[in-house]
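Colleague: Here is the input, now give the coordinates:
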Amino acid sequence: MSAEVRSVSGAGKTTALALIAAERAALGRVLVICSHDAACRAFDRALAASGGASESIVVDTLVGHLARMLRDGYASAAITPRFLIGGPAASYAAVERAARGLLDLSWPELCDGSIDLDLPFARRPGALLESADALFQLLRRSRVSAAEFETCCIAGVSAFYGDDVEQARDLLVQVQRTGRGSKRAREAMLASEAGLRTQRRAERDLARVLAHLYREYLGVARQATMKSESEIVGFAMDWLSSDASVAAGAFSGCAAIAVDDSEDAEPALGEFLAIAADAGVAFIAVAGHEASAIDELHGRRALSVPPAAQVAVAGPPLPGPAVDAHRFADELEETDWIADRVGGLLGAGIQPGEIAILARDADAASVYAGLLAARGLPALPPPHAYAAPDDIADLFALAHVVDDPYDQARVLRVLASPLVGFSDATLWALCGDASGAAQLELDVGGGEQKRGRDRGAVRTLLTDNVLYGGADKALPETTREVLRRFRDRLTTWRAACAALAPSEAFALLARDSGFMLRWRRQPAFAMSRLIGDATRIEEAIASAVSAGVAGSLRSAIGALEEGIIEPRAAARTAGALVCDGIVGVKGERFAHVVVAGVAHERFPRIYVARAMAFSRKYGLIVRDNVADGAAQTAKFAWYYAKFEAKRRYLDGERRVLRYGLSRGVGSAAATGYGTPPHWAKDEDLLAEFLPARR
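Modeller: Here you go, the predicted model:
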């Protein structure tokens, strides 16, 4: 039996689903699948409010549930139980390792001449690997195997080009008649027959390369301890669908599954529910609303489950407030207005946590949080960001130096940080030789460096001057004393950290370097977040070392900096405004909301099509053209014009803005700045909410 909860936004879908979950928990374990972390928090609150919270109800995203199942069944899944959910760069690290045979041209098809190496990205291997990484993540989430990818790519060549290029000519003419596509796309669709033949050959050969790389990548990713979310979805679904007994064991004791925010579902969720039903899960409830779909850009899509029963939601939808929209000259004027509005609300007794400043994404929200904090408001950045990013970067640099005091770039950062506080003039002196005759130069292992026709070879080492006092005589007495104290502290830290686990060493440095003391002197709301940021970094380092991802403090910090590992999200801090991207508050509501930055190229963000796309019917669609003519291939231009990708993107951006404004119960405001150029008038989302001019 299944049920579908249908209603508009704000009508109580989550509450209704929470009641269903609480009722079914009496029969066994209930899996609640939410689209985002914020939606999980909203569901937990709905459970608590209804009195239905229970240990039998497990609330998580699909990735979280699948990761738990994989760890429980690691033996039959042939996967390490110690794997971690990695950061945004985790998958790229696996692609990079898988591409060794490609980069050194040792793959057989590259050696025997069967592939023409005049391929897209041939001169930019880094861009090829980045684009392949994005493509592979899409394939894993969409449940496309390596064999299916290769088969679809072969069939896709014929589907678009035909036996030669006659089919392509007809398809291009059909789209050209509609007038769709940008000027650049229309130029690309005018490719000559010779150009189309070159593009066909390049697409075929690139598809072979990518199919080989995809297979290699899957092998590397399976063994990797740090796995991306897409890899977890792919491997878990491969495992669950491999045998009925596997699925029966994974869903043993599960009485029901409840899906909230199904309009932003992972592509694999439908298959997951089908497997669960076949494994004996007796009840599945799904809640969603099409207008709340806001994460299509990241590959999410609406889940369609034919219900066997309808569950009505009592009560009408919450009435939304009128939108107060304003356009300003620039970002600073906009921020001043937001600060005045927020200050008025706080002065009226509204609690900071009831006020949300939302932006299109978390990066933009961080910018507004910083601008509002500079104006004296209790603003903190989104949960995945650091409240004091410069302090954290200084602390990371110190950790590198403690592990490797000859890391000159990090030494420079530490010396310029509040920990030491040297001026540019002092740093200049430390980078030169003792006589001060040398220029500023960092040793990069290149041997002797000649500077000036008459000076001969002069080699300078910043670390020699810092560690051994080579330039002390060139420094003022007070500066020399500061450097001496730092030298002594560095020696002490190195000895102490050598005897500690990496996470403990990081905690020691945060405490003894004075950062922790400075954070404790901040207002209560900021202090809590600052110390919490340090704690979640410690936890991430400990997990990485425990899983074997990193073996030292320096390697763990490096993985954090590169985005291979990512700390858990910070908890919301009492006494602070909520500053986040709109996706980051999925399912949540606030008394007052301001959606900021509705401006050209910020919201909507610049539309950039993927460098490589994939269609089960048309196979590989690659942007870069190796033939004469336009920069785009004709197939790429045709595909995005035929399916009106940019229009769909802008429709999605409008939906995101409306959703963000709907998060406000008492008031909602939209602000932006500047005037978009005339060619981007249809992208001016703010204009739709501004009062009509008389």
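
Colleague: from the middle of its chain, how far away would the helix or strand containing residue 636 be?
Modeller: Element membership for residue 636, per DSSP states H and E: helix 634-642. Centre-to-centre, helix 634-642 and its host chain are 27 Å apart (Cα atoms, centre = their mean, to the nearest Å).

Colleague: What's the first helix or strand after that helix?
Modeller: Once the chain leaves helix 634-642, the next helix or strand it forms, by DSSP H and E, is helix 645-662.

Colleague: C-alpha coordinates for that next one, PDB please?
Modeller: Written as PDB, here are the backbone C-alpha positions of helix 645-662 (Å, rounded to 0.1, in the frame of the first residue of the first chain):
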ATOM      1  CA  ALA A 645      17.600  24.400 -21.600                       C
ATOM      2  CA  LYS A 646      18.100  28.100 -20.800                       C
ATOM      3  CA  ARG A 647      14.300  28.800 -20.600                       C
ATOM      4  CA  ARG A 648      13.900  25.800 -18.300                       C
ATOM      5  CA  TYR A 649      16.800  27.100 -16.200                       C
ATOM      6  CA  LEU A 650      15.300  30.600 -15.900                       C
ATOM      7  CA  ASP A 651      11.900  29.100 -15.000                       C
ATOM      8  CA  GLY A 652      13.700  27.200 -12.300                       C
ATOM      9  CA  GLU A 653      15.400  30.300 -11.000                       C
ATOM     10  CA  ARG A 654      12.000  32.000 -10.800                       C
ATOM     11  CA  ARG A 655      10.600  29.100  -8.800                       C
ATOM     12  CA  VAL A 656      13.600  29.200  -6.400                       C
ATOM     13  CA  LEU A 657      12.900  32.900  -5.800                       C
ATOM     14  CA  ARG A 658       9.200  32.400  -5.100                       C
ATOM     15  CA  TYR A 659      10.100  29.500  -2.800                       C
ATOM     16  CA  GLY A 660      12.600  31.600  -0.900                       C
ATOM     17  CA  LEU A 661      10.000  34.400  -0.400                       C
ATOM     18  CA  SER A 662       7.400  31.800   0.700                       C
END
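
Colleague: Which strands or helices does that helix pack on?
Modeller: Here helix 645-662 touches strand 590-595, strand 664-673, going by 3 or more Cβ pairs under 8 Å, 6 or more residues apart in numbering; DSSP states H and E. C-beta coordinates here come from the backbone N, C-alpha and C atoms, glycine included.

Colleague: Only the buried residues of the next helix-or-strand element following the first one, if you could.
Modeller: To tie it back to what came earlier, the one meant is strand 590-595. Sequence order places strand 612-615 as the next helix or strand after strand 590-595, per DSSP H and E. For strand 612-615, burial by neighbour count (16 or more other Cβ atoms under 10 Å) applies to 612-614.

Colleague: so residue 404 makes contact with residue 555?
Modeller: No - with contact defined as Cβ atoms under 8 Å, residue 404 does not count as touching residue 555 (10.6 Å).

Colleague: ok, residue 23 to residue 58 distance?
Modeller: Distance, residue 23 to residue 58, by Cβ to Cβ, to the nearest Å: 16 Å.

Colleague: out of the two, which sits in the busier spot?
Modeller: Taking other Cβ atoms under 10 Å, residue 23 and residue 58 do not tie; residue 58 has more neighbours (17 against 13).

Colleague: hmm, back to that, pick the most buried one from the helices and strands packed on helix 645-662.
Modeller: strand 590-595 (a mean of 24; mean count of other Cβ atoms under 10 Å).
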